[in-house]
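Engineer: Build me a model from this:
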Amino acid sequence: MPKHVRLALQAAGILLAIVAIAVVPSVIELFALMQLTLFAAMAVLALSLAFIWGFGGILSFGQTAFFGLGGYAYAIAAVNFQDSTPAILLAIAVPALFAAILGYFIFFGRISDVYLGVITLTVTLILFNSVNSTSGDAYKIGKALLGGFNGMPAVPTFNVPFDPSTVLSPEQSWWTTAGVLLAVFLMLRLLLALPAGRVIVAVRENEVRASLLGYDPRLVKCLTFILGGAIAGLAGALYVNWGAFVSPTIFSLSLSAEIIIWITVGGLGTLLGPIIGCVVIEYIVAYIGSQQLLNSNLVLGGVLVIFVLLLPKGIVPTARDLVLRLMPQNKPKTNGPPVQSAAAPHPAGAE
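Structural biologist: Below you'll find the model as predicted:
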C-alpha cells in the first residue's frame, strides 16, 4: 500500500474516532454509555500490556499490580485532597515509581523471562493480600480509610481541573475516558514510529545485536516497563472514576489472565487489536453475567482455545493479512526479457 494512502487512511480513522467519541452520548442510553466508559478504561489497561509485551517482549503476568496501585493512589489522594487533578497525577506517578524499582531489580539483575512472569505474578498476590488485610480504623492514610476487603466506597470522581466543585457528568466522564484512550493509542503509535520505538523493537528481536550497536537492553526494557506501569496506573484511575469505588479485587489474578486473553484475541504486536479484543471480551462477559446462563470463566477459556488453535495471530493481524491478499499486486511492467548484468555479483549483506 502506498505511503500516502496509508497516511490518509490513518488520518481518516482518527477523525472518525473523534467524531464517534463526540456523538456516542447522544445516540445511546445512559446504562450503555456507562458500560462503554468501563470498556474504554479497561482498553487503556490492555494497551499498557500490549505495548510492553507486543513491542518490548516483556510478558508481565502482574499488570494488575500497577492497575491496582493506580486505583488506590487515586482514591487515597482524591479523598485527602478532594480534587481529582493531583490524584490523577499520583495515580500515574506511584505505579511508575514502583515499576522503576521492580524493573531495576528484574532487568539489571538479568532475571530470565520465565522468572519475570513469576515475580510479577507474586508481586500481584502480595499486594492483594496486603491490601485485603487493612480493615479497621488503624489502616488509613490521611483521611482515607483503606477498608480492607470491603474496599473504599464513595471515592470522589473526576472534576474540572483544579475546580473540585464542578464534578464531571457521565457524558463528560465518557469523553474524558475515551479521549484518554485515543491519546494513549496515538502516543504509543508516535513513540513506535520514532527512533526510540525502533530501539525498543530491536531489543525485543535481538538483545545482543542491540547492545553491539551501543544500546543498553536492560535500560531500554526498564524504561519500557516503567511506561507500561504508568499507563496501567492511569487506567486504574479511570476505573475508579467509573465506579467511585476500589477494593482489593482490582489486584485479582483473574483480571491479569483476562488482559492476556484480550491481547491474544485482538492480536499481539498491534495496538488496535487489544482494544478490539478488550471490548469484545468485556461485552461477552457482561452479557453472560446478565443472563446467568454460563460460567464466564469457562467461556473465556473456550474463546482462548479457539483463537489459539484457529486464529493464532488474532483478529487484527488476520484481517490485515486477508486484506493484503485481496488487494491487487502491482507488478513492474517489462517490454522484453530481463537483461543480465555483466557485473560480478556482490556478496550478500554488502548493501
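
Engineer: list the buried ones in the helix or strand hosting Cys222?
Structural biologist: Using DSSP states H and E, Cys222 maps to helix 217-243. Buried residues in helix 217-243, counted by 16 or more other CB atoms under 10 Å: 217-218, 220-243. C-beta: built from backbone N, CA, C; applies to glycine.

Engineer: Now do the helix or strand following it: distance to the chain's middle.
Structural biologist: Downstream of helix 217-243, the next assigned helix or strand under DSSP H and E is helix 253-266. Distance of helix 253-266 from the chain centroid (CA atoms, centre = their mean, to the nearest Å) equals 11 Å.

Engineer: quick one, helix 253-266 and helix 217-243 angle?
Structural biologist: Orientation check (axes from the mean of the first three to the mean of the last three CA atoms, to 10 degrees): helix 253-266 against helix 217-243 gives 110 degrees.

Engineer: can you list the residues that contact helix 253-266?
Structural biologist: With CB atoms under 8 Å, 6 or more residues apart in numbering as the test, helix 253-266 has contacts from 45-46, 49-50, 53-54, 61-64, 67, 121, 124-125, 128, 249, 272-278, 280-281, 285, 297, 300, 303-304, 307-308, 314-316.

Engineer: go with 6 Å
Structural biologist: Contacting residues not belonging to helix 253-266 are listed as 46, 49-50, 61, 63-64, 273-274, 276-278, 281, 300, 304, 307, 314-316 [CB atoms under 6 Å, 6 or more residues apart in numbering].

Engineer: just stretch 86-106 next, same as before
Structural biologist: Applying CB under 6 Å, 6+ apart, the contact partners of stretch 86-106 are 66, 69-70, 73-74, 77-78, 116, 222, 225-226, 229-230, 233-234, 237.

Engineer: Give me the buried stretch members for that stretch, please.
Structural biologist: Residues of stretch 86-106 classed as buried: 86-88, 90-92, 94-96, 98-99, 102-103, 106 (neighbour count, 16+ other CB under 10 Å).

Engineer: could you pull out the helices for the stretch 251-351 of the chain?
Structural biologist: 253-266, 272-291, 296-310, 315-326 (DSSP state H, counting those that start in this stretch).

Engineer: quick one, the last one and helix 253-266 angle?
Structural biologist: Just to be clear, that refers to helix 315-326. Angle of helix 315-326 versus helix 253-266, following the same axes, to 10 degrees, is 0 degrees.

Engineer: where does this structure dip in pLDDT?
Structural biologist: Counting by pLDDT under 70, the chain contains low-confidence residues at 1, 291, 328-351.

Engineer: Name the single longest strand found in it.
Structural biologist: Secondary structure of the chain per DSSP state E: the longest strand is strand 163-167.

Engineer: tell me which element the residue lying closest to Ile119 once chain neighbours are set aside is part of?
Structural biologist: Excluding the flanking residues, the one nearest Ile119 by CB to CB, 6 or more residues apart in numbering is Ile106, at 6.3 Å. Using DSSP H and E, the element containing Ile106 is helix 84-107.

Engineer: immediately after that helix, which helix or strand?
Structural biologist: helix 113-132.

Engineer: got the CA positions of that next one in CSV?
Structural biologist: The C-alpha trace of helix 113-132 is given here as CSV (Å, rounded to 0.1, in the frame of the first residue of the first chain):
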residue,chain,number,x,y,z
ASP,A,113,11.7,-14.0,31.1
VAL,A,114,10.2,-17.1,32.9
TYR,A,115,11.1,-15.7,36.3
LEU,A,116,9.9,-12.3,35.3
GLY,A,117,6.4,-13.7,34.9
VAL,A,118,6.7,-15.5,38.2
ILE,A,119,7.9,-12.3,40.0
THR,A,120,5.2,-10.0,38.6
LEU,A,121,2.6,-12.6,39.5
THR,A,122,3.9,-13.0,43.0
VAL,A,123,4.0,-9.2,43.5
THR,A,124,0.4,-9.0,42.5
LEU,A,125,-0.5,-11.7,45.1
ILE,A,126,1.4,-9.8,47.8
LEU,A,127,-0.3,-6.6,47.0
PHE,A,128,-3.7,-8.3,47.0
ASN,A,129,-3.2,-10.0,50.4
SER,A,130,-1.6,-6.8,51.9
VAL,A,131,-4.5,-4.5,50.9
ASN,A,132,-7.0,-7.2,51.8
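
Engineer: Which neighbouring elements make contact with the helix or strand that it is followed by?
Structural biologist: Note on helix 113-132: by DSSP H and E, the next helix or strand toward the C-terminus is strand 140-141. Using 3 or more CB pairs under 6 Å, 6 or more residues apart in numbering; DSSP states H and E as the contact test, no helix or strand touches strand 140-141.
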